[in-house]
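[1] Provided below for reference: sequence and predicted model.
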Amino acid sequence: MATAPRSVSIPLPESSDVPSEGSSTTMQDIAEQAGVSLSTVSRALHDNPRIGVRTRDRIHRIAADLGYRPNPMVAALMKQLRTNRPVAPVCNLAWLDFYEDPEAWKQSAVQRGFYAGALARARARNYSLERIQVCAPGMTPSRLNHILESRGIRAVLMSWMRDSDGISSCLPFDLNRFAVISVGTRYQRPDLSYASDDQYISSCLAIRRLWELGYRRIGYVGEPGIERIVENRFSAGYLTTLTIELGGTTLPPLFTFDDVDVVEWWHRFRPDAILTSNRLVLRNLRQHGIRVPEDVGLAHLNIEDCADYAPAELAGIKQDNERVGEGAVDFLISQISTNAVGPPEIPRGVLTPSLWVEGPTVRQVTVAASDQSP
């Protein structure tokens with residue numbers, strides 16, 4: 001008869017011999033200098049009473065002289081393992097919220113998706129994610145740095161900060177103390193790594209789909225603020241795909257919030273379809289009697305973020321914002337695992353593709369023989 005396997009208890013070391021970031025000294029170095037065993041050093045640094053006071057004091061002095069600093073993340077994990085408690089997060093992540101109204105981000109489908117994806121992935125990987133209101137009353141850069149450090153936060157996620165204009169040196173915390181990944185946008189001077197939807201490829205995809213539907217006079221209307229955030233990658237996809245890939249002709253792109261500008265531009269150039277990042281274009285056209293899709297087809301580059309209209313009422317690009325948030329957390333954790341803090345020497349980006357969604361703002365149109373692609 002088979003017997004049940006016995007439970008075997010494996011003793012854990014007092015601490016892991018992993019130095020803190022910025023320190024190359026290990027406990028093995030201290031042991032060699034002191035002429036004692038590694039376990040004696042570990043117990044002495046934890047002030048274990050099994051080690052004599054004189055020995056403890058001598059080992060502490062040697063550790064200080066050598067510049068030894070224990071890794072706080074490893075120390076926290078070892079403490080939990082020694083006490084047989086469930087492993088809780090040993091490193092906190094922060095999401096910096098730059099909105100003045102702490103509820104404003106919830107009005108944006110993009111921001112909701114980013115945060116939901118990031119929060120779910122952080123929890124799945126046993127990290128906590130704390131949202132911190134940067135514009136809270138009384139918040140200053142020094143206070144923000146203090147909050148981050150006092151809460152054990154070593155890594156930061158953040159989206160667009162309006163007042164920074166994409167310049168990372170304007171951010172109100174010390175970049176050199178944290179691992180940092182921006183979400184949905186890219187910061188420069190100095191360059192930071194980022195996770196985002198692939199805006200250029202999204203625009204290329206939308207132009208191809210409009211072309212397949214038979215549209216040939218495709219125009220572009222951009223929202224100035226969004227174009228600045230994405231560094232004109234939406235409009236770049238429009239221009240290159242239409243001219244280089246498809247051999248079509250572009251119309252002069254329009255970048256505006258003004259509904260009169262949009263209507264005048266349409267009457268002047270008579271596009272048969274419009275690709276847009278502007279949340280108000282569909283409303284503007286219909287308010288001025290221009291029928292969509294009968295008079296002009298319309299594809300939006302973010303169907304979840306169009307004023308007054310639900311995604312089902314639009315054709316265009318559905319950004320996978322939750323996947324972007326998930327990718328940002330995975331990227332950030334990889335930075336933590338290598339103790340990478342501050343602006344990277346070689347910044348990298350994680351880009352998530354989007355999907356084309358058919359909708360009632362476009363239709364199949366007849367293409368004249370002279371307009372057929374080669």
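    Cool, the structure landed.
[2] List the buried residues of stretch 214-227.
    G214, Y215, R216, R217, I218, G219, Y220, V221, G222, E223, I226, E227 (16 or more other CB atoms under 10 Å). In this view, the C-beta of every residue, glycine as well, is placed from N, C-alpha and C.
[3] for stretch 291-311, same thing?
    Here stretch 291-311 shows 292-293, 296-306, 309, 311 as buried, counting by 16+ other CB under 10 Å.
[4] What count of nearby residues applies to F269?
    Using other CB atoms under 10 Å, F269 has 12 neighbouring residues.
[5] Now it. Nearest residue, chain neighbours left out?
    The shortest distance from F269 to any non-neighbouring residue, by CB to CB, 6 or more residues apart in numbering, is to L251 (4.7 Å).
[6] quick one on the thing from earlier: which of the buried residues of stretch 291-311 fall within helices?
    Counted as lying in helices by DSSP state H, out of the buried residues of stretch 291-311, is not a single one.
[7] farthest pair in these?
    By the measure CB to CB, V296 and E304 form the most distant pair in the buried residues of stretch 291-311, at 21.9 Å.
[8] Tell me who's in contact with the residue nearest to F269.
    Shown in contact with L251 (CB atoms under 8 Å, 6 or more residues apart in numbering): R217, I218, G219, Y220, F269, P271.
[9] Roughly how far does the second one sit from G248?
    The gap separating I218 from G248 is 7 Å, by CB to CB, to the nearest Å.
[10] any common contacting residues for these two?
    In contact with both I218 and G248: W211, L242, using CB under 8 Å, 6+ apart.
[11] Backbone dihedrals for the residue nearest to F269, please?
    phi -100, psi 160 (degrees, to the nearest 10).
[12] residue ranges of the helices in the stretch 151-300 of the chain, please?
    In the stretch 151-300 of the chain, the segments counted as helices under DSSP state H, counting those that start in this stretch are 199-212, 224-229, 233-240, 259-269, 281-287.
[13] Pull out the buried positions in stretch 207-216.
    Quick answer for stretch 207-216 (16+ other CB under 10 Å): I207, R208, R209, L210, W211, L213, G214, Y215, R216.
[14] Identify the residues contacting the nearest residue to the second one once chain neighbours are set aside.
    So the one you mean is R208. Among residues not flanking R208 along the chain, T241 sits closest, at 6.6 Å (CB to CB, 6+ apart). By CB under 8 Å, 6+ apart, the contact list for T241 reads S203, C204, I207, R208.
[15] Now compare those and name the two farthest from each other.
    Maximum distance among the contacts of T241 (CB to CB): 9.8 Å, for S203 and R208.
[16] From P141, how far off is the residue nearest to F98 when sequence neighbours are not counted?
    The shortest distance from F98 to any non-neighbouring residue, by CB to CB, 6+ apart, is to M161 (4.3 Å). Distance of M161 to P141, given as CB to CB: 13 Å.
[17] between these two, which one's more packed in?
    Comparing M161 with P141 by other CB under 10 Å, the one with more neighbours is M161, at 22 against 12.
[18] residue ranges for the strands of this structure, please.
    92-97, 128-133, 153-158, 179-183, 194-197, 218-222, 254-255, 273-276, 297-300, 315-318, 349-352, 355-357 (DSSP state E).
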